[in-house]
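**Q** After the sequence you'll find the predicted model.
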Amino acid sequence: MHDPGAVAAEVVARASTLGVRIAAAESLTGGLLAAAIVSVPGASRVFSGAVVAYDTELKASLLGVDAQLLLDRGPVDGAVARQMADGAREACAVAGRGSAGDPGASRHVPADIGVATTGVAGPAPDPQSGQPAGTVWLGISSILGSRAVALACAGEDREAIRMESVRAALELVLAELKALEATQTQSFPGNR
């Protein structure tokens, strides 16, 4: 298991080198993921922000998660995590420059990477879905697409589940940065 602080530092360094902006959507981690990233000097160059959508309704209203999906499956679900990551990119869009045809116009530019955490920290099961403590889904979204990753933290206490979720989410962002870097290298072989 890697130290979350070291992984966060590598995330910030790689994102800075690539010129990539990151956004987060957090449920069970309640802001811990954002705190891990912003604890690194220079994070302001790469971190757009985070939405803590602890309440299920906020996942729909702030992040655009499909309300029917939330009703059908509850908030602890892979498709929910994926949609949260997609939504984080849009919710944390920042002002950018206009197109070549209108360079003075400003527009909102989504974050390059969205990461999301949703799960059951416990100790009780999720009241909506009945899923046990330790059930966690992470979402990741970028130009490479979006996907969800299951994380099993069964048998751990509430704080350990939340911290393991942060560590795993940082590792997921790091893997996405490496994939983006490989894509850039393949697209532009002269940049090696």
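**A** Cool, the structure landed. Just so it is clear, the model here is predicted, and its values are computed rather than measured. Numbering: from 1, shown residues only.
**Q** From now on I want contacts and neighbour counts done on CA atoms only, so please keep to that.
**A** Will do.
**Q** Please point out which parts of the lengthiest helix in the chain sit buried.
**A** The longest helix of the chain (DSSP state H) is helix 158-187. Using 16 or more other CA atoms under 10 Å as the test for burial, helix 158-187 gives 158, 161-174, 176-178, 180-181.
**Q** Let me see the backbone angles for the residue most central in space within the chain.
**A** For the chain, the residue nearest the mean C-alpha position is Val115 (1.0 Å; CA atoms, centre = their mean). Torsion angles at Val115 (phi, psi; degrees, to the nearest 10) stand at phi -130, psi 140.
**Q** what's near enough to touch it?
**A** Contacts for Val115 (CA atoms under 8 Å, 6 or more residues apart in numbering) come out as 22-25, 84-85, 88, 138-141, 169, 173.
**Q** How about Leu69?
**A** Val80.
**Q** how far out from the middle of the chain is the strand or helix carrying it?
**A** For Leu69, the host element (DSSP states H and E) is helix 67-73. Relative to its chain's centre, helix 67-73 lies at 20 Å (CA atoms, centre = their mean, to the nearest Å).
**Q** Could you pull out the strands in this structure for me?
**A** 22-26, 47-52, 94-97, 106-109, 113-119, 135-142, 145-152 (DSSP state E).
**Q** For these, please prepare a markdown table with the additional fields distance to Asp72 and mean pLDDT.
**A** Shown next, in a markdown table, are the strands of the chain (distance: least, CA to CA, whole Å; pLDDT from 0 to 100):
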| stretch | distance to Asp72 | mean pLDDT |
| --- | --- | --- |
| strand 22-26 | 20 | 98 |
| strand 47-52 | 22 | 98 |
| strand 94-97 | 33 | 75 |
| strand 106-109 | 32 | 79 |
| strand 113-119 | 16 | 98 |
| strand 135-142 | 16 | 98 |
| strand 145-152 | 18 | 96 |
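**Q** Tell me which of the ones you listed lies nearest to Ala35.
**A** Smallest distance to Ala35 across the strands of the chain (CA to CA): 9.6 Å, for strand 47-52.
**Q** relative orientation of that closest one and strand 22-26 in degrees?
**A** Interaxial angle, strand 47-52 versus strand 22-26 (axes from the mean of the first three to the mean of the last three CA atoms, to 10 degrees): 10 degrees.
**Q** Partner strands of strand 47-52, with direction?
**A** strand 22-26 (parallel) (DSSP bridges).
**Q** now the strand it pairs with against helix 158-187, angle please.
**A** 150 degrees.
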